[in-house]
Structure formats: C-alpha cells, structure tokens
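K.L.:
mind looking at a prediction? Sequence and model below.
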Amino acid sequence: MGASMSAIATTGEVSKALLHYHFVDRTQLLSEVLEELATRTIARERVALERAEGSRAIGALWTWVDGELARGELRVLLDLGTSHDAGLRNAAEAVLRRRRSAATRTVQLIFEKLGLRPRIGTALLGAASMTFIDGLVIGRAGGTEDVRSSFDVFWLALLGLVA
C-alpha cells in the first residue's frame, strides 16, 4: 500500500511524468484502479450468471469465485479498501456499495433461476454473500485451500432459507 508514484512508474515501466500527466496524485491513481477492478469484477460475475440456467447458477457462481480467487483482483480491492488515505477510503466505500448491490442482484438471480423465494431479504443475503467471498479471498491468502467445500456449505445454508 505504500507504493509511491515513482515505484508505480518503475513497476509499470513508464515515466513518473507520464503518471502525473494522467493522474494528479497517488490517491487519484489508486482510486481509479479501485473503480476499474470493481467494474471488471462485477461484469465478470454478471456474465457468469447470465449464461447459467436453473440449478447450474450456483456452479456458475463457483466458477466465477474460483476465477476471481486465481486472478487476485478481489484481494487488491480488499487491500486498497483498508487505506488510511481519506480520498482512497471514499473511493473504496463507493466500490463497496457497488459490490454489495451486485451481490444482491446475484442472490436474487440465483434464487429466481432456482424458482425459490428466500425468507430473508436479498439485500442482507447479498451482503452476507459478498462478505463470505471476501473471507474466501483472505483465507486463500492465509493458505486455506478448501474453499470449494466452504462455498458449498455456505450456499446450502442460504438455500435453506427459502419460504
């Protein structure tokens, strides 16, 4: 998180002047990185679920989660979200709201595809699902490998909440 504009320029093999031409400061650069990663992650989730029919929706969600865990972008979102920089924190809060909304849509869509109606509001279930997936991201970083079983148990529990 402590990467300077110089370090970012070096890693990206571009000049620091070029970075400053496009971004006023490190906060703006990282805020835009947050936005871009969130947009890409949410879009991939939506596409994965649009293609799935009926009971395959949960499998499609797992495939998306597994791909996101391998890709590492969710980990970057989580790491950037813990910044002490006020501007970056504001961007992270906006991304969090977008991700929570997308997670709610995902839960709604899965229950619809399964022909089920949850007894608990989908906004709460979506927030729980997003938090669970974030926990998988953190667990994967800590060496926890059996994320598929955890995912299956979580979704079995959610499906037990039908009316």
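P.N.:
Sure, I can see it. Numbering: from 1, shown residues only.
K.L.:
the most centrally placed residue in the chain: which element?
P.N.:
The residue lying closest to the centre of the chain (C-alpha atoms, centre = their mean) is Leu74, at 4.8 Å. Taking DSSP states H and E as the definition, Leu74 sits inside helix 73-80.
K.L.:
returning to that earlier point: list the contacts of the residue nearest to the centre of the chain.
P.N.:
Residues counted as contacts of Leu74 (C-beta atoms under 8 Å, 6 or more residues apart in numbering) are 41, 68, 133-134, 137. Using the backbone N, CA and C atoms, a C-beta is placed for each residue, glycine as well.
K.L.:
so what does the longest helix seen in the chain touch, helix or strand wise?
P.N.:
Secondary structure of the chain per DSSP state H: the longest helix is helix 86-113. On a contact count with 3 or more C-beta pairs under 8 Å, 6 or more residues apart in numbering; DSSP states H and E, helix 86-113 meets helix 26-50, helix 56-71, helix 73-80, helix 122-141.
K.L.:
in it, which residues are buried?
P.N.:
Within helix 86-113, the residues that qualify as buried by neighbour count (16 or more other C-beta atoms under 10 Å) are 88-89, 91-92, 95-96, 99-100, 102-107, 109-111, 113.
K.L.:
mean confidence (pLDDT) on it, please.
P.N.:
On average, the pLDDT along helix 86-113 is 95.
K.L.:
what angle separates that helix from helix 56-71?
P.N.:
150 degrees (axes from the mean of the first three to the mean of the last three C-alpha atoms, to 10 degrees).
K.L.:
quick one: helix 86-113 to chain centroid distance?
P.N.:
From the chain centre to the centre of helix 86-113 is a distance of 8 Å (C-alpha atoms, centre = their mean, to the nearest Å).
K.L.:
equivalent analysis for stretch 26-46, please.
P.N.:
Distance of stretch 26-46 from the chain centroid (C-alpha atoms, centre = their mean) equals 10 Å.
K.L.:
averaged pLDDT, it. What do you get?
P.N.:
Across stretch 26-46, pLDDT averages out at 94.
K.L.:
ok so, going back, got a pLDDT number for the residue nearest to the centre of the chain?
P.N.:
Per-residue pLDDT puts Leu74 at 94.
K.L.:
how close does the nearest residue to Leu125 once chain neighbours are set aside sit to Leu114?
P.N.:
In space, Leu125 comes closest to Val107 once its chain neighbours are excluded; the distance is 4.6 Å by C-beta to C-beta, 6 or more residues apart in numbering. Separation of Val107 from Leu114 (C-beta to C-beta, to the nearest Å): 11 Å.
K.L.:
alright, I will stop here.
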